[in-house]
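Q: One predicted model, sequence on top.
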Amino acid sequence: MAGFFAALCFFLAGIFRKRKFAVSRLITLFLFFSYLMFILSVTLLDRKSGSDSRGVSWSVFGTWFYGTKSKGYVIENLMLFVPYGILGYFLTPLKRARYVVLTAAVLSAVIECMQFVFHSGYAELSDVLMNTAGAALGALVAAAVYAAWKRGRHGGGSGRSELEGKE
């Protein structure tokens, strides 16, 4: 796993060497791909094949009503994709949250399908919805931080207060 990740980093570095990229963008890319590896590790690689072959649940938030432990799973699914939303937002060229949310929904659906195919987890529609909601929450937080940063950077004007301008 570490070898694959290192090879991916060198491949991306070779691609980005041909173009000019800010160091902050490269760091964000590194963090994003590291986080993707973490998501895949938690959702697919750390599970034994055949460990959970219950099937598919199409109920929306049905897990929430099974008890305290099940509520924890729902919250965990929400929180799992918040960093994806934050990092993905800063990687999109036009800072569009909808692209991040859409890719999170697709990634989550693919993960759930793989869990079903490999019998390594219980595929649930509510997992896809909560993962997507987590990415949306992360993208909204990133958008708010980015807007505040832009206001502070570009909205400051000449640095003079309003009172100084009226004299």
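A: Now that the structure is in, tell me what you want to look at.
Q: how near is the residue lying closest to Gly121 once chain neighbours are set aside to Asp127?
A: Counting by Cβ to Cβ, 6 or more residues apart in numbering, Gly121 lies nearest to Gln115, which is 3.4 Å off, once chain neighbours are set aside. C-beta coordinates here come from the backbone N, C-alpha and C atoms, glycine included. Here Gln115 is placed at a distance of 9 Å from Asp127 (Cβ to Cβ, to the nearest Å).
Q: tally of neighbours for the residue nearest to Gly121?
A: 20 (other Cβ atoms under 10 Å).
Q: my read: it touches Tyr122, true?
A: Yes. If you go by Cβ atoms under 8 Å, Gln115 and Tyr122 touch, sitting 7.2 Å apart.
Q: Torsion angles phi and psi at Gly121?
A: Note on Gly121: backbone dihedrals following degrees, to the nearest 10 are phi 180, psi 170.
Q: can you check Met114 too?
A: Dihedral angles (degrees, to the nearest 10) for Met114: phi -70, psi -40.
Q: ditto for Ser120
A: phi -110, psi 10.
Q: How about residues contacting stretch 142-150?
A: For stretch 142-150, contacts defined as Cβ atoms under 8 Å, 6 or more residues apart in numbering pick out 85-87, 89-90, 95, 97.
Q: Now it: buried residues?
A: 142-143 (16 or more other Cβ atoms under 10 Å).
Q: Same check on stretch 105-115?
A: With burial defined by 16+ other Cβ under 10 Å, the residues of stretch 105-115 counted as buried are 105, 107-109, 111-112, 115.
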